[in-house]
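>>> Have a look; sequence and predicted model below, questions after that.
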Amino acid sequence: MNILEGPKTPPIVQLIQWIADPIGFMESNAKLYGDIFQTQLGSKFSLVLIGDPKALQEIFRANAKQCDADVGIANESLPIVVGKNSILLTNSQRHKRKRKLLMPPFHGSRMVAYGELICHITQQIVSQWQIGQPFSVRSSTQVITMRVILQAVFGLYEGLRSWQLQQALEEWLNITASPIKSSPLYLRFLQQDWGAWSPWGHFLRCRQRVDDLLYTEIRERRENLDPTRTDILTLLMSAEDENGERMTDEELRDELITLLLAGHESTATSLAWALYWIHKLPDVKKKLRTELSSLGDRPNPEAIFRLPYLTAVCQETLRIYPVTPIAYSRVPTSSMEIGDYQFDAGTMLTPCIYLTHHREDLYPNPKKFRPERFLERQYSPYEYLPFGGGNRRCIGMALAQYEMKLAISTILQNLELALPDDRPVRPVRRGLTIAPSDNLRLVVTGRRTPNKTPAAATVG
Ligand code: HEM
């Protein structure tokens, strides 16, 4: 058996490096210690980072009895935001029940219902971008993904409730995205409600506002349940587990917030990265345009979704900077042998998506954005895993892929965009994700024939 190695620097130094420069931390340690190594992030978190596909296969194939999941560092703050019923915080049988209830509305075959909605929302938003005025790409993609979640997931279309909820959610999410404003989430002694102006008081009032709006919506929908609606909330309201039990209002609230948090920022960030690469590399944009024009006028969302080069561009976007560099930690319940290593029960085995996606043996010249690599060969789910794997694989995968492809195609069909300058855009940490640095801007240089996207349609 091999002895597990890892950095010997003090835990606090490792934690600071992990927070300040996650990519540098992962890469420098992988160079020294290989594709499986031990880290000590502060006094509490001892993660084994794994970038070896064979080991990942064993971990993802282990069942929930052998290996349970753990959200690690986020464990302390998550329940305060998503609520104790969230799928993110459940394990074993409860987690299995949750997935059974939550998965069907996110199945790939259901995405057809949301295709035209996504194109329509994107078209509405890009029509507001002004020619000649550079705009922040990530803030703009966030507006798109927030509206998609509110409409496709919450079933809230234009109207007062939708507008109020959007405002309340944005204010609340701004707290969780800011390291200073969100400090009470991590430092318990700061959890003091000294009124609306104190950080904790502000957080609690924002949460209350979101909850009031959500519970009112859930109550009204239950009173007038409309089985013809196709939004995810309606489907979840009528879903039953194997004992014929439905979700309570509190469970529904917690899952809606979970879906919003898990789906909104991650998809916005991926879309922002994709737009960056497409406008950074003229050859990529040219190939995409040629492929899109092969579909003719008013292409159907399903046909757009199946385009091979567009698919490869999205895959390469999520390979080079996977939005979450690591998946959930998997924690063996008894000692477990993986390859040449023996791990004790309780070890936090953490799939390292970033290091796996940057293996030279799988992805030659890994720092180069080259979508063609996905057209030239197929990767196994242990070699390419932007959405994680096994029994915890991302529930929103199909929706996120659909959204990325349809938003990109709508933008390319409606606008001419360019990067306003050559300043380097760096990958930086934003909460649990790796996002493009704030200087990523685009500018509209012209409009194209606007009527080439699919006709507007509403779901519901
Ligand atoms: C490009 C966008 C996205 C990326 C890269 C992404 C990535 C991930 C990853 C890496 C995990 C952990 C999987 C594991 O540990 O094996 C995850 C879990 C999850 N994601 Fe996503 N995600 C995205 C979009 C979404 C969307 C749109 C939704 C829903 C609206 C969503 C809902 C979830 C949920 C509920 C889980 C927890 C699953 C469980 O605990 O069983 N995600 N996602």
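Yes, it's here.

>>> Residue 285: how many residues sit nearby?
Residue 285 has 18 neighbouring residues, counting by other C-beta atoms under 10 Å. From N, CA and C alone the C-beta is placed, and that goes for glycine too.

>>> where does the longest helix seen in the chain sit relative to the chain's centre, distance-wise?
Ordering each helix of the chain by length in residues (DSSP state H) puts helix 249-280 first. Computed by C-alpha atoms, centre = their mean, to the nearest Å, the chain-centroid distance of helix 249-280 equals 5 Å.

>>> Any part of it near the ligand?
Yes: for helix 249-280, a contact with the ligand is found by C-beta under 6 Å from any ligand atom, at 258, 259, 262, 263, 266, 267, 270.

>>> contacting residues for the closest residue to residue 259 other than its chain neighbours?
In this structure, residue 259 finds its nearest non-sequential neighbour in residue 153, 5.4 Å apart by C-beta to C-beta, 6 or more residues apart in numbering. By C-beta atoms under 8 Å, 6 or more residues apart in numbering, residue 153 lies in contact with 231, 232, 233, 256, 259, 260, 263.

>>> hang on, the earlier thing: mind putting the residues of helix 249-280 next to the ligand in a markdown table, pLDDT and neighbour count included?
Shown next, in a markdown table, are these (pLDDT from 0 to 100; neighbours: other C-beta atoms under 10 Å):
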| residue | pLDDT | neighbour count |
| --- | --- | --- |
| 258 | 93 | 22 |
| 259 | 92 | 26 |
| 262 | 89 | 21 |
| 263 | 91 | 23 |
| 266 | 94 | 23 |
| 267 | 96 | 26 |
| 270 | 97 | 26 |
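
>>> Export only the CA atoms of stretch 282-293, formatted as CSV.
In CSV, the C-alpha atoms belonging to stretch 282-293 read as follows (Å, rounded to 0.1, in the frame of the first residue of the first chain):
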residue,chain,number,x,y,z
PRO,A,282,-12.7,34.0,-33.9
ASP,A,283,-12.4,30.6,-35.4
VAL,A,284,-14.8,29.1,-32.8
LYS,A,285,-17.4,31.8,-33.4
LYS,A,286,-17.1,31.3,-37.2
LYS,A,287,-17.6,27.5,-36.9
LEU,A,288,-20.6,28.0,-34.6
ARG,A,289,-22.2,30.5,-36.9
THR,A,290,-21.7,28.2,-39.9
GLU,A,291,-23.2,25.3,-38.0
LEU,A,292,-26.2,27.3,-36.7
SER,A,293,-27.0,28.7,-40.2
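
>>> Tell me where the stretch 101-250 of the chain has strands.
Under the criterion DSSP state E, counting those that start in this stretch, the stretch 101-250 of the chain contains strands at 135-136.

>>> The residue in it that the ligand sits nearest to and residue 257: what is the separation?
Closest contact between the stretch 101-250 of the chain and the ligand, by C-beta to the nearest ligand atom, is at residue 153 (5.8 Å). In this view, residue 153 and residue 257 are 11 Å apart by C-beta to C-beta, to the nearest Å.

>>> what do you get for residue 100?
20 Å.

>>> Settle it for me: which of these two has more neighbours?
residue 257 (21 against 13).

>>> about what we covered before: go through the residues of helix 249-280 next to the ligand and name the one nearest residue 126.
Checking these against residue 126 with C-beta to C-beta, the nearest one is residue 267 at 16.2 Å.

>>> My understanding was that the closest one contacts residue 400; is that so?
Yes: between residue 267 and residue 400 there is a contact at 4.8 Å, judged by C-beta atoms under 8 Å.

>>> Phi and psi next, for residue 370.
Backbone geometry at residue 370, expressed as degrees, to the nearest 10, gives phi -140, psi 90.

>>> now do residue 400
phi -60, psi -40.
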